[in-house]
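Q: What follows is a predicted protein model with its sequence.
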Amino acid sequence: MAAPGFKKIVIVGAGPAGLLLALLLAKKGISVTILDAADDLDTQPRATHYGPPAVAELRRAGVIDDVHAEGFIPRKICWRKFDTTYLTGIDGDHLGDHPDRMTMLPLNKLGRILHKHLLAQPSAEVLFNHKVVLQGQDTDKAWVEVELAGGERKKFEADYIVGCDGANSQVRRSLFGDLAFPGRTWDEQLVATNTYYDFTKYGYEDANFIIDPHNWYMASRISNDGLWRVTYGEPNGFTRDELIARQPEKFRVMLPGNPTPEQYTLANISPYKVHQRLAESMRVGRILLAADAAHICNPMGGLGLTGGIVDVGGLYDCLVGVYEGKADEEILTTYSDVRRAKYNEVVDPISSANLARLFRADPETVMETDEFFKMCKRAETDVEFSKEMQSFMNILKYDFTEHYIDGPKYAATGSS
């Protein structure tokens, strides 16, 4: 039997992934400290949609009621031509009152919910203005050195360090080097906005993907007060300032009704490059990675957000197995192997297809040529098939408790 117990975990990054992992661990009675370089929680417009396996983890953490209270369950996702002609869609109401239906809530609001719940846990603390500058480990412990707001430095030791510090993760960079994040960058750029505009009068559903070689975009309702996430594509080569300057004309051309700036309210705008990347490993000794610190993908379909939350749930199960003496440390290598396989086999190919479909598919023939759209069309009238399609994202899940041990030897079975 593995020896039970460890004393402390340090998580780098107070984003939703780090907060969720800390909350799960603290509820188990494990001492956990979150370190973040910023002076408060992130408020930038980011991902919004949580697939069923992510909702299951939020429910396990005890926060799903708060998430539903501030967000909502979207009814329908659909694809349209540029002239708004409806092509096909997926009807969430086919799932009825299933507890893990896709849920919508902007990520910054989830962060606030998780932070509130975490502060109620006596074994947890969140320290802002703590920038990690060095890290290390030996056979008995790991540590990070942080720089505080005033310039002084402080060292934190733990049994394990977990990097949940996002796509520009300092933890990952320290492990593998600043440029070692294998994968690719799309030629296309994205511009994410939060916009008050009445899409409903044009017949738009809760989430809409517009297929067009030049003016492709997503428009998705993200609140109950008329706020929509509008994310659209731009060619590579424009600077941030140029992309922001182009926004009014892009909206006028591509949005239904051809609105001018006085006809909508732009709450946020955030241009960014789009990547598909995966770290070389999600475990190096006592240092672990999860969510965007380990892998990133484009946002079309919510696989990055959902996959990151499923990472957190899996890592929690592995750490608890070690903590309770139900598994030895090799389960953490299995965590890395499984989660990397899920990215390579599911997240990367499907999210890439989701994005490319918007600007590479011919909207006039896509219903006849795209196998995914053929399935969507069938699901419109075949409710059982629709339920099957909507449960597909559960393939991201993996039960690491299958690797808990009863005897003296741990037997890794690899990914599935």
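A: Thanks, I have the structure now. Note that the structure is a prediction, hence the values are computed from the model and not measured. Residues are numbered from 1 along each chain as shown.
Q: And the helices in the stretch 301-416 of the chain?
A: Counting by DSSP state H, counting those that start in this stretch, the segments of the stretch 301-416 of the chain that form helices are 303-323, 330-342, 348-360, 366-369, 371-379, 383-390.
Q: how close does the residue nearest to residue 6 when sequence neighbours are not counted get to residue 102?
A: Among residues not flanking residue 6 along the chain, residue 159 sits closest, at 3.7 Å (CB to CB, 6 or more residues apart in numbering). To be clear about C-beta, it is placed using only N, CA and C from the backbone, and glycine gets the same treatment. Relative to residue 102, residue 159 is positioned 36 Å away (CB to CB, to the nearest Å).
Q: of the two, who's got more company?
A: residue 102 (24 against 20; other CB atoms under 10 Å).
Q: Now do the helices in the chain.
A: Remark: helices assigned in the chain by DSSP state H are 16-27, 52-60, 64-70, 107-119, 170-176, 240-254, 303-323, 330-342, 348-360, 366-369, 371-379, 383-390.
Q: between those, which gets nearest to residue 141?
A: helix 303-323 (14.1 Å; CB to CB).
Q: now that closest one: how far from the chain's centre is it?
A: 12 Å (CA atoms, centre = their mean, to the nearest Å).
Q: in this structure, which ranges drop under the pLDDT threshold?
A: Applying pLDDT under 70 to the chain flags the ranges 1-4, 45, 406-416.
Q: From residue 93, how far off is residue 375?
A: 18 Å.
Q: Looking at the two, which is more packed in?
A: Taking neighbours as other CB under 10 Å, residue 375 and residue 93 compare with residue 375 leading, 17 against 12.
Q: Report the buried residues of stretch 338-349.
A: 338, 339, 340, 342, 343, 346, 347, 348 (16 or more other CB atoms under 10 Å).
Q: same thing with stretch 385-393?
A: 386, 389, 390, 393.
Q: same question, stretch 214-222
A: 216, 217, 218, 219, 220, 221, 222.
Q: One more: stretch 205-214?
A: Neighbour-count burial for stretch 205-214, counted by 16+ other CB under 10 Å, picks out 205, 206, 207, 208, 209, 210, 211, 212.
Q: Stretch 357-365 now?
A: For stretch 357-365, the neighbour count (16+ other CB under 10 Å) marks 357, 358, 359, 361, 363 as buried.
Q: Alpha carbons of that stretch, as PDB, please.
A: Taking Å, rounded to 0.1, in the frame of the first residue of the first chain, the C-alpha atoms of stretch 357-365 are listed here in PDB:
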ATOM      1  CA  ARG A 357     -15.300  25.000 -40.900                       C
ATOM      2  CA  LEU A 358     -16.300  28.700 -40.500                       C
ATOM      3  CA  PHE A 359     -14.000  30.100 -43.200                       C
ATOM      4  CA  ARG A 360     -13.000  27.100 -45.300                       C
ATOM      5  CA  ALA A 361     -16.400  25.500 -45.900                       C
ATOM      6  CA  ASP A 362     -18.600  26.500 -48.800                       C
ATOM      7  CA  PRO A 363     -21.900  27.600 -47.100                       C
ATOM      8  CA  GLU A 364     -23.800  26.700 -50.300                       C
ATOM      9  CA  THR A 365     -22.700  23.000 -50.200                       C
END
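Q: just the strands in the stretch 101-250 of the chain please.
A: Here the stretch 101-250 of the chain has its strands, by DSSP state E, counting those that start in this stretch, at 103-104, 124-127, 130-137, 142-148, 153-158, 160-163, 183-196, 207-211, 217-221, 227-234.
Q: Neighbours of residue 272, how many?
A: Neighbour tally, residue 272, other CB under 10 Å: 16.
Q: wait, I meant residue 15
A: Residue 15 has 26 neighbours, counted by other CB under 10 Å.
Q: Run through the residues that contact it.
A: Residue 15 makes contacts with 42, 107, 111, 164, 165, 166, 291, 292, as judged by CB atoms under 8 Å, 6 or more residues apart in numbering.
Q: ok, which pair from the residues you listed is furthest apart?
A: Largest pairwise distance in the contacts of residue 15, by CB to CB, is 14.8 Å, between 107 and 165.
Q: okay, these two: which has more neighbours?
A: Comparing residue 107 with residue 165 by other CB under 10 Å, the one with more neighbours is residue 165, at 27 against 19.
Q: Pull the contacting residues for the closest residue to the more buried one other than its chain neighbours.
A: Nearest residue to residue 165 in three dimensions, chain neighbours excluded: residue 13, at 3.4 Å (CB to CB, 6+ apart). Contacts for residue 13 (CB under 8 Å, 6+ apart) come out as 34, 35, 36, 163, 164, 165, 166, 169, 293.
Q: any idea which of these is closest to residue 122?
A: Using CB to CB, the contacts of residue 13 come closest to residue 122 at residue 34, 14.7 Å.
Q: That closest one and residue 130, how far apart?
A: In terms of CB to CB, residue 34 sits 9 Å off from residue 130.
Q: do the same with residue 349
A: Taking CB to CB, one finds residue 349 at 37 Å from residue 130.
Q: what do you get for residue 110?
A: Relative to residue 130, and taking CB to CB, residue 110 is found at 22 Å.
Q: winner for burial among the strands of the stretch 101-250 of the chain?
A: Highest mean neighbour count among the strands of the stretch 101-250 of the chain (mean count of other CB atoms under 10 Å): strand 160-163, with a mean of 29.
Q: one step back: return the member of the contacts of residue 13 nearest to residue 257.
A: Distances from residue 257 to the contacts of residue 13, taken by CB to CB, are shortest for residue 166, at 36.0 Å.
Q: The closest one: how many residues sit nearby?
A: Count around residue 166 with other CB under 10 Å applied: 21.
Q: Could I get the contacting residues of it?
A: 13, 15, 291, 292, 293.
Q: from memory the last one sits against residue 163, does it?
A: What it means is residue 293. Yes: counting by CB atoms under 8 Å, residue 293 does reach residue 163; the two are 4.3 Å apart.
Q: any shared contact partners between those two?
A: Common neighbours of residue 293 and residue 163 (CB under 8 Å, 6+ apart) are 13, 169, 171, 172.
Q: Could you measure from the third one over to residue 7?
A: This means residue 171. Distance from residue 171 to residue 7, by CB to CB: 20 Å.
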